[in-house]
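[1] what's the 3D shape of this:
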Amino acid sequence: MANENYIGRHNPDFVFNYDPNEDAWSTDLSTLDMSRGERFRDNTFEPFFERLRKEAPVHYCPDSLNGPYWSITKFNDIMAVDTNHQVFSSEPSIVLFDPEEDFPLPMFIAMDPPKHDVQRKTVSPIVAPNHLAHLEPVIRERAGKLLDAVPRNEVFNWVDKISIELTTQMLATLFDFPWEDRRKLTRWSDVATAAPGQGVVESDEQRRAELMECLQYFNGLWEERVNAPPRNDLISMLAHGESTKNMPRQEFLGNLVLLIVGGNDTTRNSITGSLYALSKWPEQMRKLRENPALIPSLVSETIRWQTPLAYMRRTALVDTEIRGQKIKAGEKVVMWYVSGNRDEEVISNPNDFDIERANVRHHLSFGFGIHRCVGNRLGEMQLRIVWEEILKRFDAIEVVDEPRRVYSSFVKGYEHLPVRIAA
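    So this is what the prediction gives:
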């Protein structure tokens, strides 16, 4: 059977040529589960979504590790769901699994108005235009230092040395977090989104323990900030905000997880994804070098092509219908941004990486409606600056092998990308 073959390929003693296209078009749609992390780790998910867009754009999965759910895979259908919070709620979760009763993590992205609105407004000044203008020279200086320090004539992991380090430094600045401990932020981001038993955490108990360490650490920072005059960092904003200063500690932890993951995973995987994509489409790299004015377009095309968060979940508040499929109140509805960004009816040649694409900012990666990514301009700015600084320094960056990807159907990212830069 196709699914048995797919599982078998992870047994090192079981060797055969697996064809995801054949599997995608032969699998019984009634049993297809797109939430399996190995499809994303192995980069075999795209033909499955292509089939769903063609044959079952509103698809019901009756059984998964996190129960039944609906998949929405077409661009305009996703936008319709994303902009209708009156029917499709972000509560109780934006991911497929529901909060654990004894370990809830409330966060404003998984809330509906009015509570969502006031909590989001509390932290939004951190990405206001005047603050971004203040951050730009800081990011540029740090990016330059990191790029100047990379090894020459030897293979190194671009994900760790550039993508993770630059975004972690930025997170530390936004939180005014102790500089020497900044890699704790990277660890907590990975812990928050990892599947147990896949190399980051071995169990849910370990995840809880490490997230409680995160909360304990930030409680100390909270006490410092709440007893000092308000400052322009995220912890101070939360500690002094009218809608957040009295929130329960688990809600504080939930919002920390949101801000850490939102500020870390998405940008770091776009930085890596841009270099990987340009290595696969060398003519686009040539265009970029000949015309650096294309960098802003490169940024938008990267964010579409990479789609650093593969999906967001909603929950139907009332019985509703999409494309003739009847969705009942209480059912999970998954907006697959990663599929919508490949919708041939909206985006021409969507599998290609094209930095001269018309209407290049028209993509789903930031979401729409009240939950549109609050930090989208900051993420775009970081990616733009990185490429401005890369083009100043290097004639070429050689990607020497395929990347190792993250085991997750939510975070679409990279663990390792081996590169070499000539002296």
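[2] now D343, what's its secondary structure?
    coil (DSSP: H, G, I helix; E, B strand; the rest coil).
[3] quick one, what contacts the closest residue to it other than its chain neighbours?
    Closest residue to D343 apart from its sequence neighbours, by C-beta to C-beta, 6 or more residues apart in numbering: F75 at 4.0 Å. C-beta coordinates here come from the backbone N, C-alpha and C atoms, glycine included. Each residue near F75 by C-beta atoms under 8 Å, 6 or more residues apart in numbering is listed here: G340, N341, D343, E345, V346, I347, L364.
[4] cutoff 7 Å now
    When contacts are counted by C-beta atoms under 7 Å, 6 or more residues apart in numbering, F75 is found next to G340, D343, V346, L364.
[5] F218 too?
    Counting by C-beta under 7 Å, 6+ apart, F218 touches I235, L256.
[6] give me the phi and psi angles of it.
    Backbone dihedrals for F218, given as degrees, to the nearest 10, come out at phi -70, psi -30.
[7] could you do V399 as well?
    When read as degrees, to the nearest 10, the backbone of V399 gives phi -90, psi 110.
[8] does H363 touch G340 like I think?
    No: contact criterion C-beta atoms under 7 Å: H363 and G340 do not qualify, at 8.3 Å.
[9] of those two, who's got more company?
    G340 (28 against 21; other C-beta atoms under 10 Å).
[10] thought that one was touching L364?
    Yes: counting by C-beta under 7 Å, L364 is a contact partner of G340 at 4.6 Å.
[11] who touches both of these two?
    F75, I78.
[12] roughly how far is stretch 28-42 from the heart of the chain?
    Here stretch 28-42 shows a centroid-to-chain-centroid distance of 18 Å under the convention C-alpha atoms, centre = their mean, to the nearest Å.
[13] could you check how far the residue nearest to D343 is from N349?
    If you measure F75 against N349 using C-beta to C-beta, to the nearest Å, the figure is 14 Å.
[14] do the same with R187
    Using C-beta to C-beta, R187 is found at 39 Å from N349.
[15] the lengthiest helix in the chain - what's its average pLDDT?
    Criterion DSSP state H: the longest helix present in the chain is helix 249-280. Mean pLDDT, helix 249-280: 94.
[16] tell me what that helix is packed against?
    Using 3 or more C-beta pairs under 7 Å, 6 or more residues apart in numbering; DSSP states H and E, the elements in contact with helix 249-280 are helix 165-175, helix 183-193, helix 204-226, helix 295-306, helix 376-393, strand 398-399.
[17] redo the ones you listed as JSON lines? Include distance to T31 and mean pLDDT.
    Shown next, in JSON lines, are those (distance: least, C-beta to C-beta, whole Å; pLDDT from 0 to 100):
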{"stretch": "helix 165-175", "distance to T31": "38", "mean pLDDT": "95"}
{"stretch": "helix 183-193", "distance to T31": "26", "mean pLDDT": "95"}
{"stretch": "helix 204-226", "distance to T31": "26", "mean pLDDT": "96"}
{"stretch": "helix 295-306", "distance to T31": "29", "mean pLDDT": "98"}
{"stretch": "helix 376-393", "distance to T31": "36", "mean pLDDT": "97"}
{"stretch": "strand 398-399", "distance to T31": "36", "mean pLDDT": "98"}
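[18] so for L132, which of the ones you listed sits nearest?
    Minimum separation from L132 across the helices and strands packed on helix 249-280 (C-beta to C-beta) falls at helix 376-393, 6.0 Å.
[19] mind listing what's buried in the closest one?
    Neighbour-count burial for helix 376-393, counted by 16 or more other C-beta atoms under 10 Å, picks out 376, 378-387, 389-390.
[20] quick one, that helix and helix 165-175 angle?
    140 degrees (axes from the mean of the first three to the mean of the last three C-alpha atoms, to 10 degrees).
[21] and the contacts of helix 376-393?
    In contact with helix 376-393 (C-beta under 7 Å, 6+ apart) are residues 127, 132, 136, 139-140, 143-144, 147, 166, 170, 266-267, 270-271, 274, 289, 292, 295-296, 298-299, 302, 366.
[22] now, of these, which are buried?
    In the contacts of helix 376-393, burial by neighbour count holds for 127, 132, 139-140, 143-144, 147, 166, 170, 266-267, 270-271, 274, 295, 298-299, 302, 366, counting by 16+ other C-beta under 10 Å.
[23] on that earlier part again, quick one, which of R187 and N349 is more surrounded?
    Per other C-beta under 10 Å, whichever of R187 and N349 has more neighbours is R187, with 15 against 9.
[24] neighbours of the nearest residue to the more buried one once chain neighbours are set aside, just the number please.
    In this structure, R187 finds its nearest non-sequential neighbour in E210, 7.4 Å apart by C-beta to C-beta, 6+ apart. Each residue near E210 was counted by other C-beta under 10 Å, and the total is 17.
[25] please report the distance of E210 from M34.
    Counting by C-beta to C-beta, the gap from E210 to M34 is 28 Å.
[26] do the same with I322
    17 Å.
[27] ok, these two, which is more surrounded?
    Comparing I322 with M34 by other C-beta under 10 Å, the one with more neighbours is M34, at 23 against 17.
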